[in-house]
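>>> I'll drop the sequence and a predicted model, then ask my questions.
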Amino acid sequence: MKDSRECSDPVMRGALAALQRAAEEARRIAIQTGTDLIVMRDGKICRLSPEEIAKLPPVMEPDPQADKPEIGRAHV
């Protein structure tokens, strides 16, 4: 499978970043509300406590292109 950053479709390139942002938000909400998070690890369903979630490394990888606007993309 191709790396999504190499895809010519801008929607597909943004899909990975959107999923990573959603995962970070789910972690933040779980910690804030004291809720366990259900995840899949090595093909098994696991329950993580807020304490375990807080110890996890960030989901999002630094994007070297993040500061560079795309041509034709409106910025608000």
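Cool, got the structure.
>>> so where is the chain shaky, pLDDT-wise?
Scanning the chain for pLDDT under 70 picks out 1-5, 61-76.
>>> so where does the residue sitting nearest the centre point of the chain fall, helix or strand?
In the chain, the centroid-proximal residue (C-alpha atoms, centre = their mean) is Q20; its distance is 0.9 Å. For Q20, the enclosing helix or strand under DSSP states H and E is helix 10-33.
>>> list the buried ones in that helix?
If you call a residue buried by 16 or more other C-beta atoms under 10 Å, then helix 10-33 has these buried ones: 13, 16-17, 23, 26-27, 30. To be clear about C-beta, it is placed using only N, CA and C from the backbone, and glycine gets the same treatment.
>>> still on that earlier bit, isn't the residue nearest to the centre of the chain right up against G14?
No: Q20 is beyond contact range of G14, at 10.6 Å (criterion: C-beta atoms under 8 Å).
>>> Can you give me the distance of the residue nearest to the centre of the chain to E51?
Q20 sits at a distance of 22 Å from E51 (criterion: C-beta to C-beta, to the nearest Å).
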